[in-house]
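> Coordinates for the following, if possible.
(one chain, ligands or ions: 2)
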Amino acid sequence: MGNNQVGITLKSASEQAAATIAAMPVRPKTIRCPICQQLCLTYADLAEHYASEHPDSVAPTAVTLNVNGINCNLIFEPHLTLKQVLQYHLGLIGAKEMCDRGACGSCTVIMDGKPALSCNILASECEGKIIETVEGIAVIPKWKPLIDEYCKWDAMQCGYCTPGFLVAAKALLDRNPNPTEYEINDALSGNICICGTQPRHSQAILEAVKLMAEGSDI
Ligand code: FES
Ligand code: FES
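Numbering: from 1, shown residues only. Ligands and ions are numbered 1, 2, ... in the order given. Sure thing, here's the model as predicted:
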């Protein structure tokens, strides 16, 4: 943790990510009907309540998501995307929603080891999947050089696309720890930056690869 000159305490990216992950609710504190707000003791009570009071509505669904290594028992409306459940139910705001139609990559997470567009996937279909978000990557010391090199090479402007790029880069380095520039550009081809930072991403990743190979944490 560091302090700036006016005495404001700043948290590092990994500290912020760790706090966000620690705050993820592993189960809902209360179960309320989203239509009439009636309090229910269990999910079974909620399902019964829907059947009797709101027979024409689709009941919320109960799903266990494994996010950043933690099993979270969640109840949510079945139309919500993974992106929305990560944000609204788990407080994970790293994955960003830019296009909301699978075209920009800003909402990228890793699912079962592969990059996945969380705006394009129903959360109710993710039971049993292993999901990693940028917060989960930021707390692992091994990936600090990747985050630091992104800052150093100014691979971000507004930064909205950056988490998606970082997650896609981590997925690439998991399967190919020593990629060529061509392989990096290929792996990031589904991610778009409207601020024009595209050329600097490969530079940041190549430098991070070098530092990780040397075992440096900068
Ligand atoms: S917000 Fe998901 S791909 Fe653009
Ligand atoms: S830095 Fe602004 S969209 Fe990429």
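> Show me what whichever strand or helix holds residue 168 is packed up against.
In this assignment (DSSP states H and E), residue 168 forms part of helix 162-175. Counting contacts by 3 or more Cβ pairs under 8 Å, 6 or more residues apart in numbering; DSSP states H and E, the secondary-structure elements packed against helix 162-175 are strand 108-111, strand 114-117, helix 134-138, helix 144-152, helix 181-187, helix 198-214. Placement of C-beta: from N, CA and C, glycine included.
> elements contacting the helix or strand that the second one is followed by?
The reference is to strand 114-117. Along the chain past strand 114-117, the next helix or strand (assigned with DSSP H and E) turns out to be strand 130-132. Contacting strand 130-132 under the criterion 3+ Cβ pairs under 8 Å, 6+ apart are the following elements: strand 61-67, strand 108-111.
> what does the first one rub up against?
I take that to be strand 61-67. 24, 43, 71-78, 85-86, 90, 92, 123-124, 126-133, 136 (Cβ atoms under 8 Å, 6 or more residues apart in numbering).
> And the average pLDDT for it is what?
The average pLDDT for strand 61-67 rounds to 96.
> helix or strand right after it?
Counting by DSSP H and E, the element after strand 61-67 in chain order, helix or strand, is strand 70-76.
> For the following helix or strand past that following strand, could you pull out the residues that count as buried?
Moving toward the C-terminus from strand 70-76, the first helix or strand encountered (DSSP H and E) is helix 82-88. For helix 82-88, the buried set under the neighbour-count rule, 16 or more other Cβ atoms under 10 Å, comprises 82, 83, 84, 85, 86, 87.
> which one of those is nearest ligand 1?
Lowest distance from ligand 1 to the buried residues of helix 82-88 (Cβ to the nearest ligand atom) belongs to residue 83, with 6.6 Å.
> Look at the nearest residue to the closest one once chain neighbours are set aside and say how many residues are nearby.
When the adjacent residues along the chain are set aside, residue 83 lies closest to residue 118, with 3.9 Å between them (Cβ to Cβ, 6 or more residues apart in numbering). Applying other Cβ atoms under 10 Å, we find 28 residues neighbouring residue 118.
> pretty sure residue 118 is touching residue 80, no?
No. Applying Cβ atoms under 8 Å as the test, residue 118 and residue 80 come out as separate, 10.8 Å apart.
> and the gap between the residue lying farthest from the centre of the chain and residue 44?
In the chain, counting by Cα atoms, centre = their mean, residue 52 sits farthest out from the average C-alpha position, at 36.7 Å. Distance of residue 52 to residue 44, given as Cβ to Cβ, to the nearest Å: 13 Å.
> which residues does residue 207 contact?
With contacts defined as Cβ under 8 Å, 6+ apart, the neighbours of residue 207 are 145, 149, 152, 153.
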